[in-house]
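> Sequence and predicted structure, then a few things I'm wondering about:
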Amino acid sequence: MTMIHKAPWFWAWVAAIAAFCATWSLSAGGAGGTALAVAALTFGSFSVMTGLGQMLVITMGPGNTDLSIPATMTLAATLSLKLMGGMTGSAGLIVLAGLVSALAIGAGVGVANFALIRLLRIPPIIATLSASFLYQSLAIWSNRGLRIKPPQVLADFTTGRALLGIPNLAWVALIISFGFWVLLNQSGFGRRISAIGQNPRAARLAGVPTARVSATTYVICAIMAGLTGFLLACFSGGAALNMGAEFLLMSIAVTVIGGSSIAGGNSNVPGIWAGALFMYLIVSMLNSYGLGAGVRLLSTGIIIIAIVAAASGRKARL
Amino acid sequence: MRSVSPRLVLPVLSLTVLIAAVFWLQPRAMSYVGINLLFNLAVPIALATVAQMIIIMVNDIDLSMGAFVSLIACITAAILPTDPALGIAMLVGCVLVYAALGALIEIRQLPAIVVTLGMSFVWSGAAVLILPSPGGTAPVWLTAIMKAKPPFVPVAIIASVLIATVAHLIVMRSSFGVKLRALGGNARAVSRSGRSTVLLRASAYGLAGIFAMLAGMALVGLTTSGDANIALRYTLLSIAGVILGGGEFTGGRVSPVGAVIGALTLTLAGSFLSFLRLSPDWQIGAQGAILILVLAARLVVRQAEKRS
Amino acid sequence: MVVRTGDDQTGAQAVPVVELLGASKSFGALKALDHVDLRIAAGECLGLVGHNGAGKSTLVNLITGLFAPTEGQVRYAGAANHLEAGIRAISQEGTLCPNLTVLENLSVVQRDLTGLGWRRRAADRIRSALDVIFPGHRIRSDSLVIDLTLAEQQMVEIAIGFADGLRPARLVVLDEPTSSLDASIAAQLLAHIRRFCAEGGAVIFISHMMGEIFDTASRIVVMRDGRLIAERPAGQFTRQGLVDAMGHVTESDVQPSPAALARALGDKSQAILRTPEGIEARKGEIVGLAGLAGHGQAEALARFYLSQSSDWHGAARPAAAFVAGDRKRDGLMPIWSIRRNLTLAALDTLTRWGLIDTAKEAAIGAEWQRRIGIRTPDMGNPILSLSGGNQQKVLFARALATTAGVIVMDDPMRGVDIGTKTEVYDMIRHEAARGRTFLWYSTEMDEIRNCDRVFVFRNGTISAELEGDRISEENILAASFQFDEDAA
């Protein structure tokens, strides 16, 4: 049981470390190791945070995927930055208001998503996809092409490295990951998600309140998207309409690469980190080979499909 | 033969209401030119919707439709005019890859959303490689077809009727289409009768690939140039079109005629919203909202039916 | 051993369509079919009867080529496989595609329906089959199957089974073909079966309506425990003879459960639960649901359980707990450890601030491992490392570890060895003595004998309520099968 190489995330970490070494050796004779690590941790953090939410949803089994993550990120970022931009007063209060509003928007989106799934009895993919267009329109409408700068405190925080030279964002993602680890491995809620993912019918017959668990899961996923959007906007100097686009596939990819099963029921937190770092490092490796956006996209897609085809198989269908 | 299927009542009704609303708002649209303008972009959307419908018919869903249509558009605009042989080979190759995806999904029992989401990156990457920046030209013959001005009836209408007819014949009338629908309806019964589900799923994806390819080509014929992002919104539009057209997500219950009507409705909804002077900010959201409303309406209708 | 009469005479005068030579089929340790020799000749209608788990469906699945025998042979006369031999089957699980029309469904099965004009040919074939079998039917060949009534769907399935094709039907297997048909339609079918056989076709007919079997079958085969127990021309069987053959005659004098007699359960008005179907139970009572599988018992239990629990509220004190019989479909969490599987239903009693108290969980695991005897060195081992019987014990423990007053059991002993069964019976009696009520659906006769009261199901409703010494195999069989001739 304690054999480390049997852990589902083991190979993902091997791949991530290999990708790190390969990229490092390519970059100017191995000089930029620290810079590469910092970049990987920073950008990886965003993938980790969206990935954690998506992982919970995917754990509930085939058919459960939240496709509204990008739109939720954009919406939460736009509205919270707008709110902060219009506020005067103490910086702490402004930051708090922004954070709370981003989380609240996430929660609202989650509730809306689940309400659609439940009330219209439609597959989660369709519900989250169609709702995401509403969220996106809402973001476009409230943004009106303006780029509101985040408060300086937040910009500094999200780009800073206050502790041990590790990016602040990575610390945030690490703390949240720990929370998810506890949720998944130590809580009754985590058990129930896993039970639903393995066999929803058996879970219901064992007394699991399936509707409540899945509602909570969708809300948590959307809150994570809202938080990531908020942090990403602060990090990159403002919200952009397509800021979340890459996180749709990314959140699914890091879950799958990290060894969580798309068939549901089985997921793990360490793998999310490995998946996130691996995806970032692969892209920067392709970059350092001087390959363009086209090849990058192409290889990302192929890697994901190859991993899914190799890792899953059997009984994973809708 | 059967009278109009009840599945088509709601789609036909919504299209009629929308047409009436558009003409009421903008009486000038009630002309040859006006109708052509209103429905012009419907042709590629209708083709993509039929493609998506075939995937949904076998209980899958294709999230790479937009990227695939964009790739086809890039090939059509960048390669087909200069090197027809290579262009045709690439188009055929794309369709074959699509069929292979279907086989892969069936053999490994993969979830189609993850595979197609991954493929959307592959298609986009390939499109960027072929056409790094917007450009290219449409083959002359293609533009000639898409911009033709036949007497009395605009080409968009003729094309829509043609697409609906062909798709109906293949999917609903031919024995091949019956087997594909059977796969969506009761895969167990199909494999029990001694047929290969791998072959059938691959055929479904291949057929969808052909319609999606035609969608990309038609799009270039209208826009006369290609772009790697030209059709990304087709993913949602095609799913919405299928649903608007009375299709179900599972069980192989779809309607090609309905899908084309759904695509027309969506196209028209765009024009309608702009006539309403609704801010373009809400265009995408309105499509999402329409989709949700249709699903809600359908649920209400179905429950009323159940009660009676 | 096997009683055989008349086989050689019928076999000699007609060509066999299919022949089983020492055919056996095992699923893991379970031997579903045990060295069966059977030959079905053209022109005969074979009635196949037996109680649950007798091996009827396994036999059918071997003949229709769905399974290959683990031992022995299935031989088709003059054909390499069941398709070439013209063997068709109408099974209970539904072979139609609901999204297709009637004639399209025919084309899924018949491979020559392609090319120009296939619709007309298909329509002709299905229409003439329907016209011949069910004269006066009102089914259109271009109706969607989903729009048809249940009875019409069954009629279409039957018609597809008999319809003309590239290879004409030579043997049609009908598994409970009249389950949704009313009496007059069923009579049409029976008449057609007789006609079909008279014209040289063969039929295997499975039904719980004994009247139908006597009406149509030229030969009746009784199965029990995967073996052919009796095989005679239909005329040589009597109602009593059939019941005796199906049952375990030697054990029929088993006395009713002593537990029932020893306990005072109060009078019937003290029922703590009543379901819409009419099932009643008193506190501490073990109530059995009997009858042939698939006659509504499992549905009644599931409805009852779901009405007692919620999608939204987990409960630390649930009113009822469920023990699954179809472990894979309804019970097991395949990737979890034994312990996690065991504590799932009682999670709410283990959590503090939402977090699981692992020490408490381990204690509960250890306690139940001891009490119910789960044979494993470590409760942290994966659940799938256990044998089927021990997996089932875990599911029992899952339900018993809650504080639920009613335990619902959906045929929980399928494929479980006798040792485990005895242990579990003791546990059930013990828990019942402490005031727990059990609703126990079982397809096995010796389990039903452990009950204080038994409701026998037929066609979704209760056909008999037995109590005390009236709980006997004979009474249950008599209530499970329909013997009155006028119903056929």
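On my side now, so go ahead.

> Pretty sure residue A:117 sits against residue A:218.
Yes - between residue A:117 and residue A:218 there is a contact under CB atoms under 8 Å: 7.4 Å. Where C-beta positions appear, they are placed from N, C-alpha and C, glycine not excepted.

> These two: who's more crowded?
Taking other CB atoms under 10 Å in any protein chain shown, residue A:117 and residue A:218 do not tie; residue A:218 has more neighbours (29 against 23).

> how far does the helix or strand containing the more buried one sit from the chain's center?
Element membership for residue A:218, per DSSP states H and E: helix A:210-235. Once both centres are worked out by CA atoms, centre = their mean, to the nearest Å, helix A:210-235 turns out to sit 9 Å from its chain's centre.

> can you check stretch A:155-165 too?
20 Å.

> circling back: what is in contact with residue A:117 and residue A:218 at once?
Common contacts of residue A:117 and residue A:218 (CB atoms under 8 Å, 6 or more residues apart in numbering or on different chains): residue A:124.

> burial count for the residue of the stretch 201-318 of chain A found nearest chain C?
Ranked by CB to the nearest CB, the top residue of the stretch 201-318 of chain A for proximity to chain C is residue A:211, at 3.8 Å. By other CB under 10 Å, the residues close to residue A:211 number 16.

> what sits against it?
With CB under 8 Å, 6+ apart, residue A:211 has these contacts: A:118, C:311-312.

> Throw those residues into CSV and include pLDDT, neighbour count and distance to residue B:140, thanks.
Conversion of the contacts of residue A:211 to CSV gives the following (pLDDT from 0 to 100; neighbours: other CB atoms under 10 Å in any protein chain shown; distance: CB to CB, whole Å):
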residue, pLDDT, neighbour count, distance to residue B:140
A:118, 89, 16, 53
C:311, 80, 15, 61
C:312, 81, 10, 63
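
> just the residues you listed now: which is nearest chain B?
Closest to chain B, out of all of the contacts of residue A:211 and judged by CB to the nearest CB, is residue A:118, at 11.5 Å.

> wait, doesn't residue A:300 sit right on residue A:279?
Yes - between residue A:300 and residue A:279 there is a contact under CB under 8 Å: 7.3 Å.

> Return every residue with contacts to both of these two.
residue A:253.

> can you count the residues close to the residue of chain A found nearest chain B?
Nearest residue of chain A to chain B: residue A:137, at 2.4 Å (CB to the nearest CB). Here the count is done by other CB under 10 Å, and residue A:137 has 23 residues near it.

> Over to residue A:34?
The burial count for residue A:34: 10, using other CB under 10 Å.

> Can you name the residues that contact it?
residue A:165 are the contacts of residue A:34 under CB under 8 Å, 6+ apart.

> Next: residue A:94.
Contacts of residue A:94 (CB under 8 Å, 6+ apart): A:84, A:87, A:151.

> out of everything not next to it in sequence, what's closest to residue A:235?
Leaving out its chain neighbours, the residue that sits closest to residue A:235 by CB to CB, 6 or more residues apart in numbering or on different chains is residue A:158, at 4.0 Å.

> do the same with residue C:113
residue C:107 (3.9 Å).

> Roughly how far does that neighbour sit from residue B:189?
To residue B:189, residue C:107 is 12 Å away according to CB to CB, to the nearest Å.

> Minimum distance to chain C, which residue of chain B gives it?
residue B:185 (3.4 Å).

> re the thing from before, who has more neighbours, residue C:107 and residue B:189?
residue C:107 (24 against 20).

> right, and the residue nearest to residue C:113 touches residue B:176 too?
No - using CB under 8 Å, residue C:107 makes no contact with residue B:176, being 10.2 Å away.

> Quickly list what's touching both of those two.
In contact with both residue C:107 and residue B:176: residue C:114, using CB under 8 Å, 6+ apart.

> Locate the spatially closest residue to residue B:232 that is not a sequence neighbour within the secondary structure: which element?
Spatially, and ignoring its direct neighbours in sequence, residue B:232 is nearest to residue B:66 (4.2 Å; CB to CB, 6+ apart). Secondary-structure assignment from DSSP H and E places residue B:66 in helix B:65-78.

> How about residue C:89?
Per DSSP H and E: strand C:87-90 holds residue C:89.

> cool, residue C:19 as well?
strand C:16-27.

> Packing partners of the longest helix belonging to chain B?
Of all the elements of type helix in chain B, the one with the most residues (DSSP state H) is helix B:197-223. Where contact means 3 or more CB pairs under 8 Å, 6 or more residues apart in numbering or on different chains; DSSP states H and E, helix B:197-223 is packed against helix B:42-57, helix B:65-78, helix B:84-107, helix B:140-146, helix B:175-185, helix B:187-192.

> Please see if the helix or strand of chain B with the lowest mean pLDDT touches chain C.
When each helix and strand of chain B is scored by mean pLDDT, DSSP states H and E, helix B:283-307 comes last, with a mean of 80. No - Helix B:283-307 lies apart from chain C when judged by CB under 8 Å from any CB of the partner chain; the minimum separation is 11.5 Å.

> just to revisit the earlier point, for the residue of chain A closest to chain B, give me its contacts.
Residue A:137 sits in contact with B:281-286, B:288, where contact means CB under 8 Å, 6+ apart.

> Kindly recompute the last result at 10 Å.
By CB atoms under 10 Å, 6 or more residues apart in numbering or on different chains, residue A:137 lies in contact with A:71, A:75, B:279-289.

> Among those residues, which one has the most neighbours?
For the contacts of residue A:137, the largest number of neighbours (other CB under 10 Å) sits with residue A:75, at 32 neighbours.

> any idea which helix or strand carries that one?
Going by DSSP H and E, residue A:75 is part of helix A:69-85.

> Following element in sequence after that helix, please.
Heading C-terminal from helix A:69-85 (DSSP H and E), you reach helix A:91-119.

> how far is that following helix from where the chain is centred?
16 Å.

> Report the inter-axis angle for it versus helix A:69-85.
If you take axes from the mean of the first three to the mean of the last three CA atoms, to 10 degrees, helix A:91-119 sits at 150 degrees to helix A:69-85.
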